[in-house]
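Visitor: Test case, fold it:
(chains A and B)
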Amino acid sequence: MPLNSKIPAGEMAQKWINYKNTCKLVNPANKRSIEVIVIGTGLAGASAAASLGEMGYKVKAFCFQDSARRAHSIAAQGGINAAKNYQNDGDSTFRLFYDTIKGGDYRAREANVYRLAEVSANIIDQCVAQGVPFAREYGGLLSNRSFGGTQVQRTFYAAGQTGQQLLIGAYQALERQIALGNVTMYDRHEMLDVVVIEGKARGVIARDLVSGKLERHFGHAVLLCSGGYGNVFYLSTNAMGSNVTAAWKAHKKGAYFGNPCFTQIHPTCIPVSGDHQSKLTLMSESLRNDGRIWVPKKQNDTRKATDIPEEERDYYLERRYPAFGNLVPRDVASRAAKERCDAGYGVGSSRQAVYLDYAAAIERYGKIECNKQGNHNPPMDLVIKLGKEVVKEKYGNLFDMYEKITGENPYETPMRIYPAVHYTMGGIWVDYELMTSVPGLYALGEANFSDHGANRLGASALMQGLADGYFVIPYTIGNYLADEIRTKAIPTDHPEFVKAEKEVADRIEKLMSIKGTESVESMHKRLGKIMWDKCGMARNATGLKEAITEIRALREEFWKNVRIPGSADSMNTELDKANRVADFMELGELMCMDALEREESCGGHFREESQTEDGEAKRNDEQFMYVAAWEFKGNNQWELHKEALDYEIMHPTQRSYK
Amino acid sequence: MNLTLKVWRQQNAQAQGGFETYQVKDISSEMSFLEMFDVLNEQLINEGKEPITFDHDCREGICGACSMHINGQPHGPWQQTTTCQLHMRAYKDGDTIVVEPWRAKAFPVIKDLMVDRRAFDRIIQSGGYISVDTGNAQDANNLPIDKHKADESFAAAACIGCGACVAACKNSSAMLFLSAKVAHLALLPQGEVERKTRVVNMVDQMDKEGFGSCTNTQACEAECPKGISVQNIRRLNAEYIRSVFSGD
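Guide: Residues are numbered from 1 along each chain as shown, chains lettered A, B, ... in the order given. As a prediction, this is how the structure comes out:
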């Protein structure tokens, strides 16, 4: 099937306006008989389910957590971007569009990104109307801060808990629709297959995780809002339950997977402390607003951070990238940290960490506070005391978290940080309408591939999730459903439902019958190690080929030797994990294939064979200016489709933050 | 360090539960409490036994899923800390740790340490929102909000819905949870329109769910991992009285 991105004709700034003016509508009476299934209740899923419920559709929403409010969007810390230009610093829809395309290293679709920038301002309005308590200035207006890859202040925030506050807003809107009967909520449910009838998505098979029972659910359309697949690396900043299963099942039922190798390694995470480590914790990018990143100038320097004098510190981001300094995009900052550590300048017991230092910021803020009090010649201890208070107000929860995890006080000694897997730009391929290559099946938020190219800018994930759910899908889904008003609800004893359920049941039975010797967790760790070593921050052809062989062998071993205690007909968290890890074992191979195929470096994808003399990522626009959309063709078999990226407005250049 | 764990095991909501004793060895002080449980579960799986079921997800102290009652305290000994953020530095070699699920009538046990907290969702459904459909908003800065009020609203909205307040309360009252939501919305001008009906409906729903009454012992605030203040309960009571006794 040829890829059709369905980008509307016309000038860039008019495309979305024209689309909205001409797309098909569904009248209110017809909406009442149309059912929509939403998988996942993070920012994309909750906002979509609530909005569609408000519009009058009959919605069924699913999440694997015990409550919709716990989806992993809740853990997003730093903020959400919007082109409001409240700071009068020259921001505009165009600038946000420009920064996002450039930040993504020219591997995102222009029209989608322009629309994202366009609706960003509406998101802030909507969230404030819902009662999201964003940070404010004393005059009562909204406050902003800076994030990586931009030179304006367009990030709205609620301390270091922005994701939590936005999700609670969307969750409350969703709960309101549940109370009104417009949305039915299925918590502790996992989607285990999509049901496709006559080429269209018509429902799902879900497992009630408490009773273990399989359920069939019909829908005129199915929305995948199931997040990213960073947990393929085992150690990531994702929640323990975050998984690829819903997206992967859709992929196996015909949805193309876009740019699977585009993974974001976040530069500021708490380093691994030992083999027991179950997950990694992010220290928000917002900390790079005020914190300075450095390593000692001397290799293998074992002195305490506070004992190393100023002139013996290498603020390597400020040195290498004077224009953006500590606020270079994430991929650049991560690689720079790896470079320093690999060269022997790392700190901490593992030597796999760099310092994020707040001493200068504490002093700067302290002086400002003293000035506010009219004290222009204050003693240093007062400056430090007041400075710490300001930093506490801005980042207190993050500093507390750091202290709990490491036992060190970041107000006194610099934090140790190291890059970790955080986000996946790749995902299910979608067209302009967010529809996958299966009609009636949509993907929103991190689950799709569309807006961030090869690298996502900070504070843009929340923006995209809510843009898709609140402001895009309510329009685009109508364009499809308008032709479905004559489709009656399909009874779930239809042969395709029966068949899909049987496939799911057979797989569960097979997993339970292995009764091997190794736990799911242990095999997941082994997969993660292969992925991190060979498909992580730096990749090369030899390593990727080895990884594919190793993953295949591990997968075979998994299906022969995994041990799942208990039974399938009741709550069984090991079985839940096994179902997810089995899918990661397949996805890992596709990621390596995609990374192998893309013989260029771009954004978070760094092929060692393709770098400039000073170690920056070197793109190859002539050969690789496309979206890699992979079609599943059976075990270990995929066909690559290429969607060419035509830049009408932007002129791709070597990305420079110097 | 080596530890003795006494953990509540219960096959399902109907089954009779009881404590089982386990030994864990070579626990590093760097581990989180849940990572120590991962070690125990790995051990149980290797012995051919069923691992312990417990709720957990983000392991960053924000999703509110984790919920262990540790040596008589919800989320264990550290102040303002969820179970997932509690680290084994809090214990020493030879310690015995008793771990139970949240105990409250409104939170029935699902299995082992996992409970059903959907009563909280139903309380939110009864009014914990501002009724604004998507697309109806004015420009965000058209509505200046006093910074102190916005900050206080945020402090209340920081509740993670974990249920530690209920577990800590001798009456299993949900007043801290409920009051945090009422305060979050009542402190903002956007919440003004539905202010009166919201508080009454939400209190009614809380009572229906079988949560107990508040007798102001303030154990909820002491154990809350996010430090939600009992000042919110004062606000809730004021809101309730204002709503019930005002004429219109």
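Visitor: only C-alpha atoms for contact and neighbour calcs from this point on.
Guide: Fine.
Visitor: For burial, what's the neighbour tally of A:Glu484?
Guide: 16 (other Cα atoms under 10 Å in any protein chain shown).
Visitor: what about it, distance to A:Val562?
Guide: A:Glu484 sits 44 Å away from A:Val562, going by Cα to Cα, to the nearest Å.
Visitor: cool, A:Cys261 as well?
Guide: A:Cys261 is 27 Å from A:Val562, by Cα to Cα.
Visitor: Comparing those two, which shows the higher neighbour count?
Guide: Under the criterion of other Cα under 10 Å, the comparison of A:Cys261 against A:Val562 puts A:Cys261 first, with 27 against 22.
Visitor: The nearest residue to the more buried one once chain neighbours are set aside: which element?
Guide: Excluding the flanking residues, the one nearest A:Cys261 by Cα to Cα, 6 or more residues apart in numbering or on different chains is A:Met591, at 4.7 Å. Using DSSP states H and E, A:Met591 sits within helix A:573-597.
Visitor: now that helix, how far from the chain's geometric center?
Guide: Centre-to-centre, helix A:573-597 and its host chain are 17 Å apart (Cα atoms, centre = their mean, to the nearest Å).
Visitor: Pull the very next helix or strand once past it out as PDB, backbone CA atoms only.
Guide: Downstream of helix A:573-597, the next assigned helix or strand under DSSP H and E is helix A:621-624. Taking Å, rounded to 0.1, in the frame of the first residue of the first chain, the C-alpha atoms of helix A:621-624 are listed here in PDB:
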ATOM      1  CA  ASP A 621      19.700  14.400   3.400                       C
ATOM      2  CA  GLU A 622      20.200  13.100  -0.100                       C
ATOM      3  CA  GLN A 623      19.700   9.500   0.900                       C
ATOM      4  CA  PHE A 624      17.800   9.600   4.200                       C
END
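Visitor: residue contacts, the residue nearest to A:Cys261?
Guide: Neighbour list for A:Met591: A:260-261, A:535 [criterion: Cα atoms under 8 Å, 6 or more residues apart in numbering or on different chains].
Visitor: Return the set of buried residues in stretch A:638-651.
Guide: Buried residues in stretch A:638-651, defined by neighbour count with 16 or more other Cα atoms under 10 Å in any protein chain shown: A:640-643, A:645.
Visitor: Over to stretch A:606-624?
Guide: For stretch A:606-624, burial by neighbour count (16+ other Cα under 10 Å) applies to A:606-608, A:610-611, A:616-619, A:621, A:624.
Visitor: Ok, stretch A:333-346 next?
Guide: Result for stretch A:333-346 [16+ other Cα under 10 Å]: buried residues A:333-338, A:340-341, A:344-346.
Visitor: is it true that B:Cys66 lies in a strand?
Guide: No: using DSSP: H, G, I helix; E, B strand; the rest coil, the assignment for B:Cys66 is coil, not a strand.
Visitor: Please parse chain A into its domains.
Guide: A:267-420, A:505-633 (automatic domain parsing).
Visitor: what does the stretch 51-200 of chain A put close to chain B?
Guide: Within reach of chain B by Cα under 8 Å from any Cα of the partner chain, the stretch 51-200 of chain A has these residues: A:51, A:54, A:66-67, A:69-72, A:74-75, A:122, A:124-126, A:128-131, A:133-142, A:158, A:161, A:164-165, A:169, A:172-173, A:175-176, A:178-179.
Visitor: just the stretch 351-500 of chain A next, same as before
Guide: Proximity of the stretch 351-500 of chain A to chain B is confined to A:401, A:404-406, A:470-471 under the rule Cα under 8 Å from any Cα.
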